[in-house]
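>>> give me the fold of what follows.
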Amino acid sequence: MGLPNLFPAIGFAFYAVVSKLLFDQIYLTSNMIVDEEFHMPLGQRYCRYRFREWDPKVTTLPGLYLSSTLLLGPLGLCSKYWLRATSLIFSGINLVLLYMLVSKTVKGQWQKVITTLAIAFLPPLYFLAHVYYTDVVSLTTILLLISFHERRYHYFAALAGFASIICRQTNVVFVGIYGGTYVLREIYGFWAKHTEPYVKAGRFPLKDMKPFIKDFLKDPMRILRHTTPKFWVDSACYISVLVFFITFVFLNGGIVVGDKSAHTVSINIPQIFYFSVFCMIFAWPFFVCEIFNFFDFVTRQKLVICLSMVVALLIVHFNTVVHPYLLADNRHFIFYVWNRFYGKYPWFKYSMVPIYVFALYVVIKTIWDKSDISFSILFFVGVGTLLASQSLLELRYFLLPYIIFRLKVKNKDQPNFNVGLEFFTHILLNMSAFKIFFTRPVYWQGYNDIQRIIW
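Model prediction:
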């Protein structure tokens, strides 16, 4: 076996060894970690096939618990250790899926491995690989959805999308994004075959958007009659998942199961700003490379920048939402960020506006592709709606959009050492976060277990 072929094995072995050592240490030092007090009892019940029992404080569907049932139930491994191991196992699966997705866009064996590890070691995500939370399993289903979608296995992509909703209801947004991307590209393709015979298949360029929309609105049947049975079957797969979700919301009386009062839908547009800063912090080497491009954009588009700044300032002033949980739960890093900066200094939230504008510029530039606008438009609309409807500032909400954003970063446009800087940054942040976790206990009145500070 040549050295290049050893890179993935070495990288995956490094991830496995480090993760197992940390996993065991967390197990030995921490009984219940934050929301595990709700997830762990239900996981044990489902693992023992007691499906009729439920905790009304749990707000997500039982995808996490069902995954434990499938993995651990037949073996009778229903202890806290093995339930947590569910997340660790799926994090390993995610590592493989990420490597497959990264390999489609990144050249060079070591670049593929380091990029994959950098994403897998994303600090808020990596910590969750060691606790019994929904996020890691949820990510697995979305990565499967993306992988099947890119390979045009739309039936399996829809099944993965269905499983993702069972893990977390808000994942319906990503089913809509990728299912909608397929439908838009295909319908455009049927239109283009009779107007531009040499069009590149599978892409919806910006230059054709106006004539396409005009023709479709004028006579949709002229385009639709050229469609194929395969298109309708594949589209029906995605549509059936969306119909299932709509039916569930109607019968349930809302998207949230259990405690609906703590997770009400609101308008919180600054969440989009926070997400852009999240991207900037964890992918900072790529953002640094865009600073001069941003300054060039500012000099060419002064009016756009001025309007963006004014709109952002108005949004921050009139629409900053502070959820009670954000102020009350000192077991999360974001609690300290908010109380020491946003909440302490009234001017701080306004001073962040230029950073928001820059960070959004880079995010939009990364996602936007004028040679194929189908995904870009749906991503901006879907993710923007998803984030702006969340009243609680919670870093976990940013994980899936971030990973999709990160997979869109074109390494060929970046210096080779950037991914190395990203990787070592994530390693250092993880080391710092775990040190705080192990050495800074938090004591809550009425709780026998020591609480810990987590992402």
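>>> what about residue 387, neighbour count?
Neighbour count for residue 387, taken as other CB atoms under 10 Å: 22. C-beta here means a position set from N, CA and C on the backbone, and glycine is covered the same way.
>>> after the strand or helix carrying it, next one along is what?
Of the helices and strands defined by DSSP states H and E, residue 387 is found in helix 373-388. Proceeding N to C from helix 373-388, the next assigned helix or strand is helix 399-408, under DSSP H and E.
>>> and the helix or strand where residue 428 lies with helix 399-408, angle?
Using DSSP H and E, residue 428 sits within helix 417-439. Orientation check (axes from the mean of the first three to the mean of the last three CA atoms, to 10 degrees): helix 417-439 against helix 399-408 gives 160 degrees.
>>> which residues touch helix 417-439?
Helix 417-439 has contacts (CB atoms under 8 Å, 6 or more residues apart in numbering) with 22, 25-26, 29, 111, 114-115, 117-118, 121-123, 126-127, 282-286, 289, 333, 411, 452-455.
>>> repeat the analysis, applying 7 Å as the threshold.
22, 29, 111, 114-115, 117-118, 121-123, 126-127, 283-286, 289, 411, 452-455 (CB atoms under 7 Å, 6 or more residues apart in numbering).
>>> again with stretch 385-400
124-125, 135, 139, 142, 170, 173-174, 264-269, 271-272, 274-275, 278, 321, 323, 325-326, 334, 455.
>>> show me which of these are buried.
The neighbour count (16 or more other CB atoms under 10 Å) marks 124-125, 135, 139, 142, 170, 173-174, 268-269, 271-272, 274-275, 278, 321, 323, 326, 334, 455 as buried among those.
>>> could you count how many residues lie near the residue lying closest to residue 325 once chain neighbours are set aside?
Nearest non-adjacent residue to residue 325, counting by CB to CB, 6 or more residues apart in numbering: residue 392, 5.6 Å away. A count of nearby residues for residue 392, using other CB under 10 Å, gives 20.
>>> check residue 104 too.
Per other CB under 10 Å, the neighbour tally for residue 104 reads 11.
>>> which residue packs closest to it, ignoring adjacent ones?
Leaving aside its chain neighbours, residue 104 sits nearest to residue 150 (7.1 Å; criterion: CB to CB, 6+ apart).
>>> gap between that neighbour and residue 375?
Per CB to CB, to the nearest Å, residue 150 is found 11 Å from residue 375.
>>> in terms of neighbours, single out the busier of those two.
Using other CB under 10 Å, the more surrounded residue of residue 150 and residue 375 is residue 375, with 22 against 13.
>>> pLDDT wise, what is that one at?
What the model reports as pLDDT for residue 375 is 96.
>>> that one against residue 180, yeah?
No: counting by CB atoms under 7 Å, residue 375 stays clear of residue 180, with 8.8 Å between them.
>>> looks to me like residue 53 is in a helix.
No: Residue 53 is assigned coil when assessed by DSSP: H, G, I helix; E, B strand; the rest coil, not a helix.
>>> that one and residue 99, how far apart?
Residue 53 is 38 Å from residue 99, by CB to CB.
>>> what of residue 213?
Residue 213 is 38 Å from residue 99, by CB to CB.
>>> who has more neighbours, those two?
residue 99 (20 against 10).
>>> secondary structure element holding that one?
helix 80-102.
>>> and the direction of that helix versus that of helix 417-439, what angle?
Between the axes of helix 80-102 and helix 417-439, defined by the same axes, to 10 degrees, the angle is 170 degrees.
>>> other SSEs contacting the helix or strand just after helix 80-102?
Remark: after helix 80-102, the chain's next helix or strand is helix 109-120, criterion DSSP H and E. Contact partners of helix 109-120 among helices and strands, from 3 or more CB pairs under 7 Å, 6 or more residues apart in numbering; DSSP states H and E: helix 3-29, helix 80-102, helix 417-439.
>>> which of those helices sits closest to residue 43?
Nearest to residue 43 among the helices and strands packed on helix 109-120 is helix 80-102; the distance by CB to CB comes to 4.6 Å.
>>> what are the buried residues along the one helix or strand residue 41 maps to?
Applying DSSP H and E as the criterion places residue 41 in helix 36-47. Using 16+ other CB under 10 Å as the test for burial, helix 36-47 gives 36, 38-47.
>>> which outside residues touch that helix?
Contacts with helix 36-47, where a contact means CB under 7 Å, 6+ apart, come from 32, 53, 55, 57-58, 62, 64-66, 68-69, 72-73, 78, 80, 83, 131-133.
>>> what separates the most centrally placed residue in the chain from residue 109, distance-wise?
When the chain is reduced to its mean C-alpha position, the nearest residue by CA atoms, centre = their mean turns out to be residue 400, at 0.5 Å. Here the distance between residue 400 and residue 109 works out to 27 Å (CB to CB).
>>> what do you get for residue 46?
Distance check for residue 46 against residue 109: by CB to CB, it reads 41 Å.
>>> before we move on, what about residue 334?
For residue 334, the distance to residue 109 equals 37 Å [CB to CB].
>>> what helix or strand is the closest residue to residue 187 other than its chain neighbours on?
In space, and not counting its chain neighbours, residue 187 is closest to residue 223: 6.4 Å by CB to CB, 6+ apart. Assignment of secondary structure by DSSP H and E places residue 223 within helix 220-224.
>>> could you pull up the mean pLDDT of the following helix or strand past that helix?
Where DSSP H and E defines the elements, the next helix or strand beyond helix 220-224 is helix 229-252. In this model, helix 229-252 has a mean pLDDT of 96.
>>> tell me the helices and strands packed up against helix 229-252.
Applying 3+ CB pairs under 7 Å, 6+ apart, one finds that helix 229-252 contacts helix 154-167, helix 172-193.
>>> okay, it in PDB with CA atoms only?
Extracted in PDB, the C-alpha atoms of helix 229-252 (Å, rounded to 0.1, in the frame of the first residue of the first chain):
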ATOM      1  CA  PRO A 229     -41.800   9.300 -15.700                       C
ATOM      2  CA  LYS A 230     -38.500   9.000 -13.800                       C
ATOM      3  CA  PHE A 231     -38.600  12.800 -13.000                       C
ATOM      4  CA  TRP A 232     -42.100  12.400 -11.500                       C
ATOM      5  CA  VAL A 233     -41.200   9.300  -9.500                       C
ATOM      6  CA  ASP A 234     -38.000  10.900  -8.100                       C
ATOM      7  CA  SER A 235     -39.900  14.200  -7.300                       C
ATOM      8  CA  ALA A 236     -42.700  12.200  -5.700                       C
ATOM      9  CA  CYS A 237     -40.200  10.700  -3.300                       C
ATOM     10  CA  TYR A 238     -39.200  14.200  -1.900                       C
ATOM     11  CA  ILE A 239     -42.800  15.500  -2.100                       C
ATOM     12  CA  SER A 240     -44.100  12.500  -0.100                       C
ATOM     13  CA  VAL A 241     -41.700  13.300   2.800                       C
ATOM     14  CA  LEU A 242     -42.800  16.900   2.800                       C
ATOM     15  CA  VAL A 243     -46.500  15.800   2.800                       C
ATOM     16  CA  PHE A 244     -45.700  13.600   5.700                       C
ATOM     17  CA  PHE A 245     -44.200  16.500   7.600                       C
ATOM     18  CA  ILE A 246     -47.200  18.800   6.800                       C
ATOM     19  CA  THR A 247     -49.600  16.100   8.000                       C
ATOM     20  CA  PHE A 248     -47.500  15.700  11.200                       C
ATOM     21  CA  VAL A 249     -47.600  19.400  11.900                       C
ATOM     22  CA  PHE A 250     -51.400  19.600  11.300                       C
ATOM     23  CA  LEU A 251     -52.100  16.600  13.600                       C
ATOM     24  CA  ASN A 252     -49.600  17.700  16.300                       C
END
